[in-house]
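Novice: curious how this folds, go ahead:
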Amino acid sequence: MTDWYDDETFWEDTESVQFTDERRQQASAEVDHILTMTKLPAGASVLDLGCGPGRHALELARHGCRVTGVDRTVRYLEKAANAASEQGLEIEWVEADMRRFRRDGAFDAVVNMLTSFGYFTDPAEDRLVAANILASLKPGGQLVMEMMGKEILARIFRRYDWREEPDGTALLEERRLAEDWSWVDVRWIVIREQQQREHRFGLRVYSAYELKDLLAAVGFAQVAAYGSLEGTPYDHEAKRLVVVARK
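Specialist: Take a look at the predicted model:
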């Protein structure tokens, strides 16, 4: 049986609900915040790990960074490459599984956005991804990871939800917590042009403490948690879990 993250139809069917126009428009401000948090020098080399269709990779390149975008979905990489070509941006695009991509000492920073971490049922594979990131950073290099934190999920949790996108696509969502709050199983029903497709997937859910502990365990020297890319505290008003870690 194919794991959900290796199912091409999942990424195709859910593209419009994952990468909405609103999220595309937010990418510029998000990259501004990332660069403010990391204080990256001009011309810094940056890996966008799990880059999808390239929202952040394109913006990083526009700011003068030397960017490598890595994703396992060819469809997204092709769209990202076309956008970069149209905008006159030079970006390296790599088709690879994050468990296997490693380029020792190559990057000043790694960004991992939109909960692109925690896909795997075996926690050891998350640790492998984190170790690959550490190895790929130059000494003093930084990781910026952004996801839905366990504490935030507990505050806003709804078993069922639905929304409709401007293009008419409707998304019905069912969530089920599992494994003592360490995992969430998700069922998405995507309705588009009177056709319905169902997808099921799961994600490991990290608290700030758990994610910081994992990164420290693989060798990161400094790890800090924030409640947004603006650097706000990770407290009861946190919007997202953002972790900045230094090699």
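Novice: name the residues that touch the longest helix along the chain?
Specialist: Assignment by DSSP state H gives helix 21-38 as the longest helix of the chain. Residues from elsewhere that reach helix 21-38 (Cβ atoms under 8 Å, 6 or more residues apart in numbering): 55-56, 58-60, 63, 109, 111, 113-114, 142, 144, 166, 226, 228-231, 244. In short, each C-beta sits where N, CA and C put it, glycine included.
Novice: for Thr73, which non-adjacent residue is closest in space?
Specialist: Trp11 (4.7 Å; Cβ to Cβ, 6 or more residues apart in numbering).
Novice: so the one you found, which state does it fall into?
Specialist: In three-state terms, and counting by DSSP: H, G, I helix; E, B strand; the rest coil, Trp11 is helix.
Novice: work out for me the element Leu114 sits within.
Specialist: Assigned by DSSP states H and E, Leu114 falls within no helix or strand.
Novice: domain-wise, how is the chain divided?
Specialist: 4-148+206-246, 152-201 (automatic domain parsing).
Novice: same list (the ones you listed) but as JSON lines, adding mean pLDDT.
Specialist: Below are the domains of the chain laid out as JSON lines (pLDDT from 0 to 100):
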{"stretch": "domain 4-148+206-246", "mean pLDDT": "97"}
{"stretch": "domain 152-201", "mean pLDDT": "95"}
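Novice: which of those domains sits most buried?
Specialist: domain 4-148+206-246 (a mean of 18; mean count of other Cβ atoms under 10 Å).
Novice: how long is that domain end to end?
Specialist: Criterion Cα to Cα, to the nearest Å; first-to-last residue distance in domain 4-148+206-246 is 31 Å.
Novice: what does stretch 97-109 give?
Specialist: With Cα to Cα as the measure, stretch 97-109 spans 19 Å from end to end.
Novice: what sits up against it?
Specialist: By Cβ under 8 Å, 6+ apart, the residues outside stretch 97-109 that reach it are 38, 40-41, 44-47, 49-50, 68, 70, 72, 94, 116, 120, 125, 128-129, 132, 135-139, 141-144.
Novice: quick one: residues contacting the residue of the chain positioned farthest from its centre.
Specialist: Going by Cα atoms, centre = their mean, the residue of the chain most distant from its centre is Gln194, 30.2 Å out. If a contact means Cβ under 8 Å, 6+ apart, then Gln194 has no contacts.
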